[in-house]
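**Q** model this:
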Amino acid sequence: MAMAQAIRVIDDGTHRMGNLAAYRPLWTSHGAGGSILSWLEYRLGRPALGVAVRGCEDPMAEIASTTPASIMVSARWMDARPDVLPAFGEHVVSEEGVLLAVHADHDILKAWCEGNLEQVQASTTATVISAQTLDAPWHLLDLLDFALGDRLAALEPTPVPSGVHLLGDAPVRIEAGATVDPGVIFDAEGGGIWIESGARIRPGAVLVGPVHVGPDSIVREQAVVRGSDIGPTCRVAGETNTSILQGWCNRAHEGHIGDSVVGAWSNLGAGTTISNLLNSYEEVSVRLAPGESRCRTGRLFVGAFVGDFVRTAIGTKISTGSVIGTGAMLAEESTIMGAVPAFAWWTPAGRRYWRFDKFVTSLEAVMARRGLKPTLGLVDRLREEFSSIQSA
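**A** Numbers count the residues shown, from 1 in each chain. From the prediction side, this is the model:
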């Protein structure tokens, strides 16, 4: 049987994800039992390659070959379905006007890559459908709700090692090369559990499905992980509840994270706790950036949206609905609230910004611990945002 035609998945920058997708394409974000790219492969039954506007490469991992394909799909299309993919010369658009997919020749796909949505839509015939799409940070939590259980329910189960306690009958899959120590509890009553190659689940950890643990991540002793998606090479302790940890996130100590998205290469100090419910039990609203108006989320449970490269000191408390900008360093004794600017340096001594050269030196040291280093393109984009903040 011939392999299905490959698709290209594009981040065209039309969303409001802010610092959660400022330095890597949206399709690299986790929340669906792996990356959005892999989720679309799963949903559409086709191999996928990723592209992004502005030539924004993924600084966290090598990108697959970008051999041209004639079908391009938006990374924003949460509930993508193969039966509504466009025929050649057509595009699919949501009722809200989000361009979801195009089937066309190279010139039209190139126009989308260059951000020329008008040319794409003028050159192809439209099919309008009802669709769930990703726009704001809390929609990644909607994706987690929608996708994680569905994807893990389709897993092919593997035997559970001796000494591991298993509850429930949802699929549990432990990939070759993963280690699950005796004394671990897998609660699969509410959903499946997927442990990828190179990951290790330490004694006494409790995973309450649906839970996905990415390659080379470590869930430490006595950790509790519920309904969450853990990216690659993370370190996880404490309590993680219905949250998404992007790749290379380090939260290796006690503390609670609920209904939150934590960016790549972030480091949360011991005891860092994120509130996910207002004492008034009201809908949570979020300020996406300092000075902006609040946005309604439609959700009762919302924690925080923590950008890439963020650090917090021990005992940091973060309020419900907070947004933490890229690279912020938070060591205040008071509770962090609202929107924190990128590159903030907040301590009991006052609020200022990183020196950019010091930030880059620190970032290089952090990434070197995992055998990686920031690309020149990433440093240039970080410098561009830093300069815009300083000149504002």
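
**Q** Pretty sure Val302 sits against Thr320.
**A** Yes - here Val302 lies in contact with Thr320, judged by C-beta atoms under 8 Å, at a distance of 6.2 Å. Where you see a C-beta, it was placed from the backbone N, CA and C, and this is true even at glycine.

**Q** Please name the residues that touch Ala111.
**A** Contacts of Ala111 were listed using C-beta atoms under 8 Å, 6 or more residues apart in numbering, and they are 119-120, 123.

**Q** Please identify the helix or strand for it.
**A** If you go by DSSP states H and E, Ala111 is part of helix 106-113.

**Q** Quick check: buried residues in that helix?
**A** For helix 106-113, burial by neighbour count (16 or more other C-beta atoms under 10 Å) applies to 108-113.

**Q** got the CA positions of that helix in CSV?
**A** Extracted in CSV, the C-alpha atoms of helix 106-113 (Å, rounded to 0.1, in the frame of the first residue of the first chain):
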residue,chain,number,x,y,z
HIS,A,106,4.3,25.4,-5.0
ASP,A,107,3.7,29.1,-5.8
ILE,A,108,0.6,29.2,-3.7
LEU,A,109,2.1,27.4,-0.8
LYS,A,110,5.1,29.7,-0.9
ALA,A,111,2.7,32.7,-0.7
TRP,A,112,1.3,31.3,2.5
CYS,A,113,4.9,30.8,3.9
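
**Q** how distant is that helix from the center of its chain?
**A** 26 Å (C-alpha atoms, centre = their mean, to the nearest Å).

**Q** Not counting the helix or strand following that helix itself, show me its contacts.
**A** Scanning forward in sequence from helix 106-113 by DSSP H and E, the next helix or strand is helix 117-123. For helix 117-123, contacts defined as C-beta under 8 Å, 6+ apart pick out 12, 14, 91, 93, 99, 102, 104, 108, 111-112.

**Q** same deal with stretch 125-139?
**A** 15-18, 20, 26, 36, 74-79, 84, 86, 89-96, 98, 100, 140, 142-143, 146, 261, 286, 288, 295, 297-299, 302, 305, 323.

**Q** measure stretch 274-286 end to end?
**A** With C-alpha to C-alpha, to the nearest Å applied, stretch 274-286 spans 14 Å between its terminal residues.

**Q** Low-confidence regions, the stretch 251-392 of the chain specifically.
**A** 392 (pLDDT under 70).

**Q** what about the helices in it?
**A** In the stretch 251-392 of the chain, the helices defined using DSSP state H, counting those that start in this stretch lie at 356-368, 376-391.

**Q** mind putting the ones you listed in a markdown table, mean neighbour count and distance to Ile218 included?
**A** Formatted as a markdown table, the helices of the stretch 251-392 of the chain follow (neighbours: other C-beta atoms under 10 Å; distance: least, C-beta to C-beta, whole Å):
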| stretch | mean neighbour count | distance to Ile218 |
| --- | --- | --- |
| helix 356-368 | 15 | 17 |
| helix 376-391 | 14 | 25 |
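
**Q** now the ones you listed in TSV, with distance to Val160?
**A** Formatted as TSV, those follow (distance: least, C-beta to C-beta, whole Å):
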stretch	distance to Val160
helix 356-368	35
helix 376-391	40
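
**Q** of all those helices, which lies closest to Ile174?
**A** helix 356-368 (28.6 Å; C-beta to C-beta).

**Q** So which elements touch the closest one?
**A** helix 376-391 (3 or more C-beta pairs under 8 Å, 6 or more residues apart in numbering; DSSP states H and E).

**Q** Determine how far the helix it packs on lies from the middle of the whole chain.
**A** 22 Å.

**Q** Output it as CSV, restricted to C-alpha atoms.
**A** The C-alpha trace of helix 376-391 is given here as CSV (Å, rounded to 0.1, in the frame of the first residue of the first chain):
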residue,chain,number,x,y,z
LEU,A,376,22.6,32.5,16.1
GLY,A,377,19.1,33.0,14.7
LEU,A,378,17.6,32.5,18.2
VAL,A,379,20.0,35.0,19.8
ASP,A,380,19.3,37.5,17.0
ARG,A,381,15.5,37.3,17.6
LEU,A,382,16.0,37.5,21.4
ARG,A,383,18.2,40.6,20.9
GLU,A,384,15.5,42.1,18.6
GLU,A,385,12.8,41.8,21.3
PHE,A,386,15.1,43.0,24.0
SER,A,387,16.0,46.1,22.0
SER,A,388,12.3,46.8,21.4
ILE,A,389,11.6,46.6,25.1
GLN,A,390,14.5,48.9,26.0
SER,A,391,13.4,51.5,23.4
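
**Q** Just name whatever secondary elements it is in contact with.
**A** Against helix 376-391 (3+ C-beta pairs under 8 Å, 6+ apart) you get strand 350-353, helix 356-368.

**Q** Any idea how many residues pack against Phe301?
**A** Phe301 is flanked by 17 other residues according to other C-beta atoms under 10 Å.

**Q** Out of the contacts of Ala111, which is nearest to Arg220?
**A** Closest to Arg220, out of all of the contacts of Ala111 and judged by C-beta to C-beta, is Val120, at 47.0 Å.

**Q** Could you report the separation of that closest one from Glu96?
**A** 17 Å (C-beta to C-beta, to the nearest Å).

**Q** Over to Leu143?
**A** Taking C-beta to C-beta, one finds Leu143 at 16 Å from Glu96.

**Q** Please say which of these two ends up with more neighbours.
**A** Leu143 (22 against 10).

**Q** Quick one: name whatever helix or strand follows the strand or helix carrying Ala126.
**A** When elements are assigned from DSSP H and E, Ala126 belongs to strand 125-129. As assigned by DSSP H and E, the chain's next helix or strand after strand 125-129 is helix 138-153.
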